[in-house]
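J.: Okay, sequence plus prediction incoming.
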Amino acid sequence: MLRILGSPRTACDGMTRRDLLHLGGLGLFGVGVADLFRLQDAQAAGGRDSHFGRARSCILIHLFGAHAQHETFDPKPDAPAEIQGELKAIATSVPGVSIGEGLPRIARVMDRLTVVRSLTHPWPFHGVHYALSGIPTISQTVEADPTDRSLWPFIGSVVDYVEAGRANSAPAMPQNIALPFRLYSRANFRLLGGPYAGFLGSRFDPIWTEFAGRGTRAVPNPTAKPDVFDPYGGIRAEDGIDLTGPIPTDLSPQRVGLRRSLLQQLDQSRSWLDGQDRVQAFGRHQELAYALLTSPRLARALDIHQESEAVRTRYGMTLFGQSLLAARRLVEGGGRFVTVFWDAYGDATGGWDTHYYHYPRLKELLLPGLDEAFSALILDLEARGLLDETLVLVLSEHGRTPRLTNRPGGGREHWSSAYCGVLAGGGAARGGIVGRSDGSGGQVADTPVSPKDILATALHLLGVDPHMMVPDRLNRPVPVAGDGLVRPEILG
Amino acid sequence: MTNRLVILCVWAVTASVVSGQQPVHQRIDKATAERNGGAMASLASDAEFLRRVYLDLTGIIPAAAETRKFLADSDPNKRAKTIDLLLASKDFSRRMREVVSVMLLERRAGTVISDQEWNKFVEGAFAADMPWDQFVRELISADGSDARTRPAIRFFVDGGRSSHDQMTQDVARLFLGMNLQCAQCHNDRNIREYEQAHYFGIYAYLRQSKLQTDKSQRAFLIETVAKDKMEFQSVFSKNKQFTGPRLPDRGEVAVPAFKKGDECAAPAKDGFPGVPKFRPRQLLARDLTAADNRRFVRNAVNRFWFLMMGRGLVHPLDLLHVKNPASHPDLLEFLVDDFVAHKFDVKYLLRQIALSQSYQRSSILPGDIDPAAVKPESYRVANAKGLSSEQLAWSLMRATGNLERIAATPLSKKSKFTYKDYVNGRLPAPDNLSDVMKLFAAAFGNSAGSPEVDFTPSASQSLFLLNDKLLRNWLTPRDGNLVDRLTKESNSDRIAEELYLVSLSRLPDDEEKALVRGSLERHKSRRSQALGDLAWALLTSAEFRLNH
């Protein structure tokens, strides 16, 4: 194997997954991560299909709580009423393909999207970590701990890690940023795990933004309280999404530079602390703080107030709409992996977790917000020539039950045997439907796709080998996308 | 090194002779040694130990003079003496008040009980060595009518716990280490042990509690008459279930049937309903804190252990259950028994942990061990802990030599300090203790309602230290503060010593002295600024930001 590493050019063509596994095993004897990257790059140069690396950046949209497939991208107009529900299907810009009637604007951009209707896995309980990392199995304990460093890394953290291995210096823009605030931090409950770097170490956790404003519109909510002002239902135009308060500028760049170099020297003499994860995370954020002071690129990219009122209105004056707008500005400014959560607000079963008041919430809050913002994002990326190089994903933990319940306001429960997700841009197919669910939307009828396949395909499009091994805490090689495979059906 | 070993042996021998059996701190060390899975770090240096124990027990770094004195002290027993000194200090009760408030209130603000009243109550409890079970009993049972315990109603009535669901979940999570989020609607499908009946058993203790104000708008947490059992239903089933007040693994409390008109011990008065004979929240206070309620004791021990060691024996702290066992199960059970035997004495428990070598281990691993492969629950090396917003505020004030001045500045009655007004430039930098603490809590604490367990550094926190006018003011020479003192000193080695002692609580090595000398020589023309920059660099380093 060392011979192979010594001359990667000659080896790459014949490199198989088994070889990679073998090499990963060698990690135990000191083959470093840098070698893995080298190998991976060599392999990329050798025998990749033309989709590899097509996407320069990725916007991952996660609808926390899990959207119902029936009312979004997999309607069942021929099913009985207790399955189909109140909402009908409408035709889209792709002949023969229909989606839920609550998404008319998305229907018009359907020819730019690929909908996967046959996602399936065995864990119907809000496994954000399961949905967004390569981890093969999960439990609720695991999902509940954002700090557990033995967990597998979130896909955004994988991309960040690979970038850090390739780049010689810290990037001016964070490569893994998540909006609008830490997942589940507004849900009156403990934080949830999921979008964290796991064993890669907290320095590869996403950089979270903050949202200090509040909602302007009372929205239907799980407890039917009259006065729940969810910002996903509407925010004030003057509210923004930011990293901190305004960045003061009365410290000269020279003085900042001087202090930075002093700090580096001081820290160097104390390098013994570096091994600790908490120290590394601290150092990385401090570097970013310096980058912000000396080059306000990130702050500028996040400043949605620089956009015209027309553009802002097109995305919708909601927290979700303005977060997607900020995400577009971030990828434009050089961000590589941007995640936007439609998060639970107030109640633990908020967001898309429609156990209660399913239809009022879908009709008045969820569907219009998604329809407006997501269609605006696709058209905006396209108009700016960014769609081909930006992969957009719409994912969730799972789907919802085919049969409606008679809970207050009606509801659908958790369901993971069949559900749907969306991909667009960045080398994904256009106007395609992948897979098929059965007549009730409850089982996969054709072409099952695992959420790990979506991750593998996304990494592939982003130019990261999904079968790449990274060492976990015990230095065991672990493939970044688990057992996921690149799915040619999804590629354009 | 040899010297150090001799000292340690003497110390260990003395300790065991005194107690006649193996002291608890040695049992801790035996337990961690049995499961460490590899070589351990050596014991912390005196400087490392002193900084850590000050931060953990008093929430502030030692003053330079205290560090000098400790380093020069040749008493072999000086570590144990310092631990006792700190536990007996006033700063200890302040530190515990900060810790317990963040843990129990999770930075939720309230309007019924003021910060001052609450702080006085909690600090008073720790100053009087109130046993933990009694403290929790008062939090649960207080109804506001007794002047001494009135502030305790803050736990339930302030901080967004107005709904019985929130009260139930927080009692389970904070006092039993059980996160019953899922069990509100159905048996937890992944944690078999967490049943919906547990959730509603606790709920049944709390559902008679109700906030009521008197004519002068004073709020009380009264209880109304309980008529029957709590009815509940799983979302997965049509069967109705019933439970009286019941704690997990414990018997159900019977809801007594009174004749109509005979339910109350005291009649209705002044707009308040009658006081019921059966008051389940009072029974919760009794049953929850019972010495044989192991879940309660385990949770308490685990949380205090976490405070000192940076990692719970069971982790996450609110998922205590069979499938998530303790890293050192025997040790946890031993400490539980010991805590009960010592009547829930928090000071005693913290003292035993602080005396252990497991606590006093260095945060530096021997060079040939890859730190990434060392699990935090192995305690092979001291786990670095992030400074809480309070620890950071106190320590920065002390290090920059501004603590006395700020502590002596009275809080203006008119002060309406808010973080948002401050960062948006509408307010000057705060100069009194209360507003400084508010500012740091907003800049470094988590948002209201989310537990502060792990260190979550962020770029905005770094920016705050890097650039905020508050710290810049503190580093401007005035009234004998650090930079003012240093500008009057000409010897660069003495400057380096002072800088390192006040900020990092240790002496600089030769390389670091040279660095200070070089920097001062290069910036001769702007000396006080250069001194400020040096202090600033030390105060924003990882070594300062962490308790290691």
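T.: On my side now, so go ahead. Residues are numbered from 1 along each chain as shown, chains lettered A, B, ... in the order given.

J.: Just give me the residue right at the centre of chain A.
T.: Centroid-nearest residue in chain A: residue A:60, 3.2 Å away (criterion: CA atoms, centre = their mean).

J.: In this model residue A:155 seems to touch that residue, though I could be wrong.
T.: Yes. Residue A:60 is within contact range of residue A:155, at 7.3 Å (criterion: CB atoms under 8 Å). Any C-beta I mention is one placed from the backbone N, CA and C, and that applies to glycine too.

J.: okay, and the common contacts of these two?
T.: Common neighbours of residue A:60 and residue A:155, counting by CB atoms under 8 Å, 6 or more residues apart in numbering or on different chains, are A:132, A:337.

J.: Count the neighbours of residue B:249 for me.
T.: 11 (other CB atoms under 10 Å in any protein chain shown).

J.: same thing with residue A:115?
T.: 26.

J.: Might you report the residue contacts of it?
T.: Residue A:115 touches A:73-74, A:97, A:99, A:420-422, A:432-434, counting by CB under 8 Å, 6+ apart.

J.: and the nearest residue to residue B:471 once chain neighbours are set aside, which of the three is it?
T.: Distances taken as CB to CB, 6 or more residues apart in numbering or on different chains put residue B:465 closest to residue B:471, at 6.0 Å, once the chain neighbours are dropped. Of the three states, residue B:465 takes helix under DSSP: H, G, I helix; E, B strand; the rest coil.

J.: okay, how far is it across stretch A:146-159, tip to tip?
T.: With CA to CA, to the nearest Å as the measure, stretch A:146-159 spans 19 Å from end to end.

J.: Check stretch B:226-240 too.
T.: OK, stretch B:226-240 end separation, CA to CA: 19 Å.

J.: and it, anywhere near chain A?
T.: Yes. For stretch B:226-240 and chain A, the contact criterion (CB under 8 Å from any CB of the partner chain) is met by residue B:235.

J.: Show residues contacting that stretch.
T.: For stretch B:226-240, contacts defined as CB under 8 Å, 6+ apart pick out A:355, A:407, A:413, B:185-187, B:196-197, B:199-201, B:203-204, B:207-208, B:241-244, B:255, B:276, B:278, B:280.

J.: do stretch B:476-490 and chain A meet?
T.: No. Using CB under 8 Å from any CB, stretch B:476-490 stays clear of chain A, coming no nearer than 13.1 Å.

J.: Mean confidence (pLDDT) on that stretch, please.
T.: Averaged over stretch B:476-490, pLDDT sits at 93.

J.: in that stretch, what's buried?
T.: B:477, B:481-483, B:486 (16 or more other CB atoms under 10 Å in any protein chain shown).

J.: now stretch A:105-116
T.: A:105-107, A:109-110, A:112-116.

J.: got the end-to-end distance for it?
T.: OK, stretch A:105-116 end separation, CA to CA: 19 Å.

J.: picking up where we left off before, residues touching the residue nearest to the centre of chain A, list them.
T.: A:132, A:155-156, A:337-340, A:393, A:395.

J.: Those residues in helices, which ones?
T.: A:132, A:155-156 (DSSP state H).

J.: Please indicate which of these has the highest neighbour count?
T.: Of those, with other CB under 10 Å as the count, residue A:155 tops at 30 neighbours.

J.: Return the distance of it relative to chain B.
T.: 21 Å (CB to the nearest CB, to the nearest Å).

J.: pretty sure that residue is touching residue A:457, no?
T.: No. Here residue A:155 lies out of contact with residue A:457, judged by CB under 8 Å, at a distance of 11.0 Å.

J.: The nearest residue to residue B:342 once chain neighbours are set aside sits in which helix or strand?
T.: In this structure, residue B:342 finds its nearest non-sequential neighbour in residue B:348, 4.7 Å apart by CB to CB, 6+ apart. Assigned by DSSP states H and E, residue B:348 falls within helix B:346-355.

J.: In the stretch 1-150 of chain A, which residue sits closest to chain B?
T.: As assessed by CB to the nearest CB, chain B sits closest to residue A:140 within the stretch 1-150 of chain A, at 3.6 Å.

J.: Against which helices or strands is the helix or strand hosting residue B:120 packed?
T.: Element membership of residue B:120 [criterion: DSSP H and E] is helix B:115-127. With contacts taken as 3 or more CB pairs under 8 Å, 6 or more residues apart in numbering or on different chains; DSSP states H and E, helix B:115-127 sits against helix B:90-105.

J.: Tell me if I'm right that residue A:182 and residue A:191 touch.
T.: Yes. Between residue A:182 and residue A:191 there is a contact under CB under 8 Å: 6.5 Å.

J.: Could you check the pLDDT of whichever residue of the stretch 101-250 of chain B sits closest to chain A?
T.: Closest to chain A within the stretch 101-250 of chain B is residue B:190: 3.6 Å, counting by CB to the nearest CB. Looking at residue B:190, its pLDDT stands at 73.

J.: Could you chop chain A up by domain?
T.: Domain assignment for chain A by automatic domain parsing gives A:55-237+A:304-462, A:248-295.
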